[in-house]
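A.B. asks: Give me a model of this one.
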Amino acid sequence: MRELCYILKDSKTIAVVGLSGNPVLTSRRIADFLLHKGYHVVGVNPTIKNAGKIEIYPSLRDVPFPIDIVDVFRRSEDIPELIPDVLAVRPKVLWLQLGIYNDEAVRPVTEAGIETIQDTCIYVSYNSCF
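C.D. replies: Numbering: from 1, shown residues only. Predicted structure coming up:
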């Protein structure tokens with residue numbers, strides 16, 4: 001696996017799955033932080049229409065451009081339902097946030113050559129790198 005710092009330096013576009021419309025919730029705060037740091041951040045959530053300056057799409061398949069990192073803020077048991085879309089859009093990295101992991105569900109992603117990070121906070125990793 002590439003070093004986390006290299007992944008963060010090499011990436012430009014991050015899709016945040018499970019982004020909240022509420023600016024005080026963790027998914028939104030981290031997305032806003034990444035946007036402020038210069039990443040092109042988009043949200044993936046079929047239930048919200050507005051997240052400030054962040055574009056929202058109902059699914060990963062609806063994002064009309066390549067994605068470097070799919071950053072997931074969903075429960076571990078919800079990961080299996082995301083896998084077909086992850087395989088369809090083929091990001092460079094599938095990143096499951098702190099406390100989120102599902103080895104069985106992500107196996108097809110890693111077998112497809114998509115780097116997978118589990119149970120790791122992208123915010124903490126960013127601050128450790130820069």
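
A.B. asks: if I look at Q118, how far off is V86?
C.D. replies: According to C-beta to C-beta, to the nearest Å, Q118 stands 13 Å off from V86. Backbone N, C-alpha and C define where each C-beta goes, glycine included.

A.B. asks: okay, which residue is most central for the protein?
C.D. replies: Nearest to the mean C-alpha position of the chain, by C-alpha atoms, centre = their mean, lies D71 at 1.1 Å.

A.B. asks: right, and the helix or strand after the helix or strand it falls within?
C.D. replies: Per DSSP states H and E, D71 falls inside strand 69-72. Note on strand 69-72: by DSSP H and E, the next helix or strand toward the C-terminus is helix 79-89.

A.B. asks: Return the set of buried residues in that following helix.
C.D. replies: Within helix 79-89, the residues scored as buried using 16 or more other C-beta atoms under 10 Å are 79, 82-83, 85-87, 89.
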